[in-house]
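In: only the shape, not the letters, is given here:
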């Protein structure tokens, strides 16, 4: 038996042990001063922003020419999403024929961010194509929080609306958490409500909706016959919208998941151990070819607009992954654009349809 | 630019790529048959039990004699918990003097499992010591769910009760999820409500309560001056009660977290990369000395009773970690018993005190 050392660890102020990760920064042995717990009572203080290394450097350094041929199969998100949308439209028609109703989606848009306007326009168009009703309520950038909440409440009570989404990000003066809390759980087709997230995280429970982008990522993996169970998966980025729920979903599928973020000291090394890499940082070209194990499957959720006069809109989108390099190492990869992006909208339609099915008890 | 292959991945039924993790088990390219999504609509089906290798073998094989001295510092959870309980008692007295009230904890106990009885007895005793009122309602093993729910509802409405806990596990005929859903969020001192868990998981949000055992683990690390930020942490086991919330908490503290479970193919190898290992599987001696990087910090949440006639109760507790081996490799380690166990009760008292403080607006 080991003999307990006389100087127990509560008293080793600043003690440093070989190879260990002790620090001198936070210890005290006094029994009657300071707070009861050293554990911060407010966890919010720990919500430091994830600041990745400057992106410009990465853009410049990436895509070095190399004669090696690309070996990865391209996971065609556009094609898969089109198939799913076709099937959703079919079911919407069947619902209309059978119960005389169609699903309805309400979108709340605040301000006139160019990217948000594009996203909302694409969602509305997708709804139209699938036969789903859509309603957009747009507020000016400087609107009052109460007005947004009032609109939300109205949609909450409207029986013809089965899904409500608040296009994020909201202007800084609005309290995103408070606004999203108002949203009726049964209509939270984005799946961002903390109760939905808790139910996604916990074994034996099931959320009403799974966030669209992560759901789309898993659908891409499954449709591409990628085995998830027992595989090592690395998720790069830990946003509420993508990183967190995709890590929870991959775990549900019995992958061994590591979550890498801006405070990770050796992200390349960790990524190189992964069979599946899902990256969602918004840092262009962060993931280089040498971050990947040969044969890894790469799902790139990042989208970053870079100026390109040769493109129709004057810009093109690039992902988190240096595609030129990665496609020579990976066994399968999603392109940007045309990979995860189209799946997000397809999953939004799928969630809205599911919600309407529940409302009308239609199977 | 990579040229998209003609055979996009939607159509590669059972295609196998070198070093990749493609499988032949789940693919289809037909556009009009089967469900819309391949992604399982019911996630519950994925809730396979985590079955670890038989434990008896591990017990037998562990603790091989070796002359090497133990080098790890022993993290004395008993001593740290005693200090915290002393401070809690102090604050309870101050609350009584100031507002004439003390915190109240209600415990619901179903059946007569020996371990549950012991845990509840210890909790009640700890409440007494701290000056916290406690109430235990015990139901027979074959009680009706409605009776348990009725008792819970009564405690929900009782203003002298600030914390309610349902001693788990419940008998199989009771629906744990349904029962816990009844519990008022403001009194969920165990922190097991999915809304609490969602708020723990999401950036920018904060749960009302943090589950006691994980909170105790982090408190042990902080009090032992173990740096968490930027360190690689491996959590072994993914229960709702320990594995899940400790992984979320370690992430909040900016560790890079990997969650290892029974489907992980190379747990030793993954654990060997970790600066901090937290294990909560209930599999005795699962974690051997060679699972650890020299200098790692080890938090052992496991408790498993093994018969031992030389002990007062006829049994002794052993943890997930082969202590004899691990204490020669780690830089710090919690013993079993006397490590995490006492902290769980201290954190329950802390959560109950916090709840009463909120109720009485007492700081």
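Out: On my side now, so go ahead. This is a predicted model, so every value here is computed, not measured. Residues are numbered from 1 along each chain as shown, chains lettered A, B, ... in the order given.

In: output the lowest mean pLDDT helix or strand found in chain A.
Out: Ranking every helix and strand in chain A by mean pLDDT, DSSP states H and E puts helix A:55-61 at the bottom, with a mean of 56.

In: tell me the strands beside the helix or strand following that one, with direction?
Out: Downstream of helix A:55-61, the first helix or strand assigned by DSSP states H and E is strand A:73-74. Partners of strand A:73-74 in the sheet, by DSSP bridges, are strand A:332-333 (parallel).

In: what sits against the most centrally placed residue in chain A?
Out: Residue closest to the average C-alpha location in chain A (C-alpha atoms, centre = their mean): residue A:242, at 1.0 Å. By C-beta atoms under 8 Å, 6 or more residues apart in numbering or on different chains, residue A:242 lies in contact with A:211, A:213, A:214, A:280, A:301. Glycine gets a C-beta too; all of them are placed from N, C-alpha and C.

In: what is the subsequent helix or strand relative to the helix or strand in which the second one is found?
Out: Assessed by DSSP H and E, residue A:213 sits inside helix A:212-223. Beyond helix A:212-223 in the direction of the C-terminus, DSSP H and E gives the next helix or strand as strand A:232-236.

In: who does that next one pair up with?
Out: Assessed with DSSP bridges, strand A:232-236 is paired to strand A:256-260 (parallel), strand A:276-279 (parallel).

In: quick check: angle from it to helix A:212-223?
Out: Angle, strand A:232-236 to helix A:212-223, by axes from the mean of the first three to the mean of the last three C-alpha atoms, to 10 degrees: 150 degrees.

In: can you give the contact residues for the next helix or strand after strand A:232-236?
Out: Moving toward the C-terminus from strand A:232-236, the first helix or strand encountered (DSSP H and E) is helix A:243-252. For helix A:243-252, contacts defined as C-beta under 8 Å, 6+ apart pick out A:191, A:197, A:200-201, A:210-211, A:213-215, A:217-218, A:228, A:233, A:235-238, A:257, A:259, A:261, A:276, A:278, A:280, A:301, B:43, B:46-47, B:201-203, B:238, B:259, B:261.

In: pLDDT wise, what is residue A:67 at?
Out: Looking at residue A:67, its pLDDT reads 72.

In: what about the residue in the stretch 151-300 of chain A that chain B sits nearest to, how many residues close to it?
Out: Going by C-beta to the nearest C-beta, chain B is nearest to residue A:295 of the stretch 151-300 of chain A, at 2.7 Å. Burial measure for residue A:295: 18 neighbouring residues, criterion other C-beta atoms under 10 Å in any protein chain shown.

In: how about residue A:156?
Out: Residues lying near residue A:156 (other C-beta under 10 Å) number 16.

In: with residue A:110 instead?
Out: Quick note: residue A:110 (other C-beta under 10 Å) scores 24 neighbours.

In: so who does it touch?
Out: A:138, A:139, A:140, A:141, A:143, A:148, A:166, A:167, A:170, A:171, A:174.

In: ok, residue A:85 next?
Out: Taking C-beta under 8 Å, 6+ apart, one finds A:126, A:129, A:130, A:345, A:346, A:349 in contact with residue A:85.

In: repeat that for residue A:304.
Out: Contacts for residue A:304 (C-beta under 8 Å, 6+ apart) come out as A:55, A:282, A:283, A:284, A:317, A:318, A:319, A:320.

In: next, see if stretch A:126-140 gets close to chain B.
Out: No. Shown here: stretch A:126-140 not in contact with chain B (C-beta under 8 Å from any C-beta of the partner chain), separated by at least 11.0 Å.

In: what about that stretch, start to end distance?
Out: From its first residue to its last, stretch A:126-140 covers 24 Å (C-alpha to C-alpha, to the nearest Å).

In: got the contact list for that stretch?
Out: In contact with stretch A:126-140 (C-beta under 8 Å, 6+ apart) are residues A:85, A:88-89, A:92-93, A:96, A:102-111, A:120, A:123-124, A:147-148, A:151, A:155, A:160-161, A:345-346, A:348-349, A:352-353.

In: the same query, at a cut-off of 7 Å, please.
Out: With contacts defined as C-beta atoms under 7 Å, 6 or more residues apart in numbering or on different chains, stretch A:126-140 is touched by A:85, A:88-89, A:92-93, A:96, A:102-110, A:120, A:124, A:147-148, A:151, A:345, A:349, A:352.

In: next one, pLDDT for the residue of the stretch 151-300 of chain A closest to chain B please.
Out: 98.

In: you'd agree it is up against residue A:331?
Out: Yes. Between residue A:295 and residue A:331 there is a contact at 4.5 Å, judged by C-beta atoms under 7 Å.

In: and the residue nearest to residue A:246 when sequence neighbours are not counted, what does it touch?
Out: Distance criterion C-beta to C-beta, 6 or more residues apart in numbering or on different chains; nearest residue to residue A:246, sequence neighbours excluded, is residue A:214 at 3.9 Å. By C-beta under 7 Å, 6+ apart, the residues touching residue A:214 are A:242, A:245, A:246, A:249.

In: how far away is residue A:214 from residue A:166?
Out: According to C-beta to C-beta, to the nearest Å, residue A:214 stands 18 Å off from residue A:166.

In: residue A:113 too?
Out: For residue A:113 relative to residue A:166 (C-beta to C-beta), the value is 13 Å.

In: helices and strands around the host helix or strand of residue A:343, which ones?
Out: According to DSSP H and E, residue A:343 maps onto helix A:340-360. Where contact means 3 or more C-beta pairs under 7 Å, 6 or more residues apart in numbering or on different chains; DSSP states H and E, helix A:340-360 is packed against helix A:77-99, helix A:114-130, strand A:163-166, helix A:212-223.

In: dump these to CSV, plus mean pLDDT.
Out: Shown next, in CSV, are these (pLDDT from 0 to 100):
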stretch, mean pLDDT
helix A:77-99, 97
helix A:114-130, 94
strand A:163-166, 97
helix A:212-223, 96
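
In: of all those, which one comes closest to residue B:271?
Out: Nearest to residue B:271, of all the helices and strands packed on helix A:340-360, is helix A:212-223, at 26.0 Å by C-beta to C-beta.

In: how far off centre is the closest one?
Out: Centroid displacement of helix A:212-223 relative to its chain, using C-alpha atoms, centre = their mean, to the nearest Å, is 11 Å.

In: how about that helix, which residues are buried there?
Out: A:212, A:213, A:214, A:215, A:216, A:217, A:218, A:219, A:220, A:221, A:222, A:223 (16 or more other C-beta atoms under 10 Å in any protein chain shown).

In: how about those in a markdown table, adding distance to residue B:71?
Out: Listed next are these as a markdown table, based on distance: C-beta to C-beta, whole Å:
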| residue | distance to residue B:71 |
| --- | --- |
| A:212 | 50 |
| A:213 | 47 |
| A:214 | 43 |
| A:215 | 48 |
| A:216 | 49 |
| A:217 | 44 |
| A:218 | 44 |
| A:219 | 49 |
| A:220 | 48 |
| A:221 | 44 |
| A:222 | 47 |
| A:223 | 51 |
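
In: follow-up on the earlier one: phi and psi next, for the residue nearest to the centre of chain A.
Out: Backbone torsions for residue A:242, taken as degrees, to the nearest 10, come to phi -120, psi -60.

In: what's the separation between it and residue A:218?
Out: In terms of C-beta to C-beta, residue A:242 sits 12 Å off from residue A:218.

In: pick the most deeply packed of the strands paired with strand A:232-236.
Out: Most buried of the strands paired with strand A:232-236 by mean neighbour count (mean count of other C-beta atoms under 10 Å in any protein chain shown) is strand A:276-279; its value is a mean of 28.

In: chain center to it, what's the gap?
Out: Distance, centroid of strand A:276-279 to centroid of chain: 12 Å (C-alpha atoms, centre = their mean).

In: now stretch A:92-103
Out: That offset, for stretch A:92-103, works out to 31 Å (C-alpha atoms, centre = their mean).

In: and for that stretch, what are the contacting residues?
Out: Residues contacting stretch A:92-103 (C-beta under 7 Å, 6+ apart): A:130, A:131, A:132, A:133, A:162, A:352, A:353, A:355, A:356, A:360, A:362.

In: right, I'll leave it there.
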